[in-house]
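Novice: got a predicted structure here, sequence first:
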Amino acid sequence: MPWYLVRTHYDHDKVEPTRSEHLAYMDDLVRRGKLAVAGPMVDGSGGVIIMRAENDTELWDVLNADPYHLADPTSERSVGEYKPNLGFWLTPDASD
């Protein structure tokens with residue numbers, strides 16, 4: 001299953017009201033084995049996600065259902081398939 005690196009830029013004022021829903025959504029992705037790591041940029045301009053998806057269609061379905069995206073659909077996202085090789089957080093199957 002491919003990994004993806006997602007960098008999002010959003011309007012902090014638009015997404016802040018949906019923060020609790022966004023965090024619940026992210027927790028669900030962790031439980032489902034899709035989300036490896038995620039977090040905001042310190043300056044509040046957006047965030048970074050490293051996640052797994054079966055394919056591009058699933059990836060975009062997941063990203064587009066995020067409450068942050070729904071609150072600010074004009075946010076910018078850069079997405080690329082990613083191949084992790086090193087890091088203490090990797091499981092043996094992470095680089096498959």
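Specialist: Arrived safely, thanks for sending. Residues are numbered from 1 along each chain as shown.

Novice: if we look at the worst-scoring helix or strand of the chain on mean pLDDT, which residues are touching it?
Specialist: In the chain, no helix or strand scores lower on mean pLDDT, DSSP states H and E than helix 12-15, which sits at a mean of 89. Applying Cβ atoms under 8 Å, 6 or more residues apart in numbering, the external contacts of helix 12-15 come out as 22, 44-45, 67-68, 71-72, 75. In this view, the C-beta of every residue, glycine as well, is placed from N, C-alpha and C.

Novice: confirm for me that Glu21 is in contact with Pro67.
Specialist: Yes. Counting by Cβ atoms under 8 Å, Glu21 does reach Pro67; the two are 4.0 Å apart.

Novice: those two - which one has more neighbours?
Specialist: Higher neighbour count among Glu21 and Pro67: Pro67, with 18 against 15, using other Cβ atoms under 10 Å.

Novice: which phi and psi does the more buried one have?
Specialist: Per-residue torsions, Pro67: phi -50, psi -30 (degrees, to the nearest 10).

Novice: show me what contacts the spatially most central residue of the chain?
Specialist: Closest to where the C-alpha atoms of the chain average out (Cα atoms, centre = their mean) is Ile49, at 3.5 Å. Neighbour list for Ile49: 4-6, 8, 35, 37-38 [criterion: Cβ under 8 Å, 6+ apart].

Novice: how close does Asn33 sit to Glu21?
Specialist: Actually, residue 33 is Gly rather than Asn. The spacing between Gly33 and Glu21, counted by Cβ to Cβ, to the nearest Å, is 21 Å.
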